[in-house]
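Q: predicted model, plus sequence, below.
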Amino acid sequence: MKFAVLVFPGSNCDIDMLKAVEDTIQQPVDYVWHTATDLSEYDAILVPGGFSYGDYLRCGAIAQLAPVMNEVRKAAEQGKFVLGVCNGFQILTEAGLLPGALIRNNSLKFRCHPVELKVENANTAFTNAYEEGEVVTIPIAHGEGNFYCDDETLAKLKANNQIVFRYNGDNPNGSVAGIAGICNERGNVVGMMPHPERAVSELLGSTGGARMFASVLNAFASQAKAGAANGAGAR
């Protein structure tokens, strides 16, 4: 399985993300610049945190116009796996790959500390190694992590089981319904504000994020197995 870690001007969690892939699942992974126009060789695309393009206009508003995002949209449509973390989540919402928007924390302050997350959906490509209802500790680091959507969108997220993570206990940013992460209807695109790549070792204070990388490896293996079975059936 081959991973791409996208790099925009202002990204600052790209190294963390690449090292998380190398250290947790030992798979090939490359940095891919925002001007790239071909992601066909990659099975998973990781959109890291940071301050892409200085967060001018809105967080992710300029990054979603980068050439590479056209390829991310194609990859998502093809069923490839896409994870956006923090600024990456903001970029995915701005790009229309996920619903809702991320706005200023209700405290109007930057929040940077560990939080408890409850796994609401353990059937996505990035959460299948967790148990539904499990609580894990993963850090946040954001000033615009307040997930917002209208009532109609929230009802749809609930009905389609698209809420992946909620904050357990304290809601650090005022997100609607305590939402910390969501997915698309297909479950191959996930966005979240907390940083799983910063929670893959006890040396970092938690291993709560490590199984997200194991999960996508599981999903890829299942996808490959299903494809092989379909191919055999066609013969």
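A: Right, received. Where do you want to start? These figures come from a predicted structure and were not determined experimentally.
Q: CA only for contacts and neighbour counts going forward, please
A: OK.
Q: give me every residue that touches the closest residue in space to Asn146 that isn't next to it in sequence.
A: Distance criterion C-alpha to C-alpha, 6 or more residues apart in numbering; nearest residue to Asn146, sequence neighbours excluded, is Ser175 at 4.4 Å. Taking C-alpha atoms under 8 Å, 6 or more residues apart in numbering as the criterion, Ser175 is in contact with Gly145, Asn146, Phe147, Tyr148.
Q: nearest to Ser222, of these?
A: Nearest to Ser222 out of the contacts of Ser175 is Phe147 (C-alpha to C-alpha; 31.1 Å).
Q: can you give me the pLDDT of the closest residue in space to Asn12 that isn't next to it in sequence?
A: Leaving aside its sequence neighbours, Asn12 sits nearest to Gly50 (C-alpha to C-alpha, 6+ apart; 4.6 Å). As predicted, Gly50 sits at a pLDDT of 96.
Q: which residues in this protein form helices?
A: Here the chain has its helices, by DSSP state H, at 14-24, 67-77, 87-94, 151-159, 210-234.
Q: distance to Leu39, mean pLDDT and mean neighbour count added to those, as CSV?
A: Below are the helices of the chain laid out as CSV (distance: least, C-alpha to C-alpha, whole Å; pLDDT from 0 to 100; neighbours: other C-alpha atoms under 10 Å):
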stretch, distance to Leu39, mean pLDDT, mean neighbour count
helix 14-24, 16, 97, 19
helix 67-77, 6, 97, 18
helix 87-94, 16, 98, 28
helix 151-159, 29, 98, 13
helix 210-234, 16, 84, 16
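Q: so can I have TSV of the ones you listed showing distance to Cys59?
A: Compiled in TSV, the helices of the chain are given as follows (distance: least, C-alpha to C-alpha, whole Å):
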stretch	distance to Cys59
helix 14-24	17
helix 67-77	15
helix 87-94	6
helix 151-159	21
helix 210-234	24
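Q: I'd like to check the angle between the lowest-mean-pLDDT helix or strand in the chain and helix 14-24, please.
A: In the chain, no helix or strand scores lower on mean pLDDT, DSSP states H and E than helix 210-234, which sits at a mean of 84. Put simply, helix 210-234 runs at 70 degrees to helix 14-24, going by axes from the mean of the first three to the mean of the last three C-alpha atoms, to 10 degrees.
Q: show the contacting residues for Phe220.
A: Counted by C-alpha under 8 Å, 6+ apart, Phe220 has contacts Met1, Asp43.
Q: what's the nearest residue to Asp14 if we skip its chain neighbours?
A: Nearest one to Asp14, counting by C-alpha to C-alpha, 6+ apart, is Pro48 at 5.5 Å.
Q: wait, isn't the one you found in contact with Met17?
A: Yes - counting by C-alpha atoms under 8 Å, Pro48 touches Met17, with 6.7 Å between them.
Q: joint contacts of these two?
A: Val5.
Q: didn't Thr124 look like it was pressed against Glu185?
A: No - Thr124 is beyond contact range of Glu185, at 9.6 Å (criterion: C-alpha under 8 Å).
Q: looking at those two, which is more packed in?
A: Higher neighbour count among Thr124 and Glu185: Thr124, with 26 against 15, using other C-alpha atoms under 10 Å.
Q: who's in contact with the nearest residue to Arg104 once chain neighbours are set aside?
A: Excluding its sequence neighbours, the residue lying closest to Arg104 (C-alpha to C-alpha, 6+ apart) is Glu144, at 4.0 Å. For Glu144, the contacting residues are Cys59, Leu102, Ile103, Arg104, Asn105, Phe110, Asn173, by C-alpha under 8 Å, 6+ apart.
Q: one more time with 7 Å, if that's ok
A: Applying C-alpha atoms under 7 Å, 6 or more residues apart in numbering, we find Glu144 in contact with Leu102, Ile103, Arg104, Asn105.
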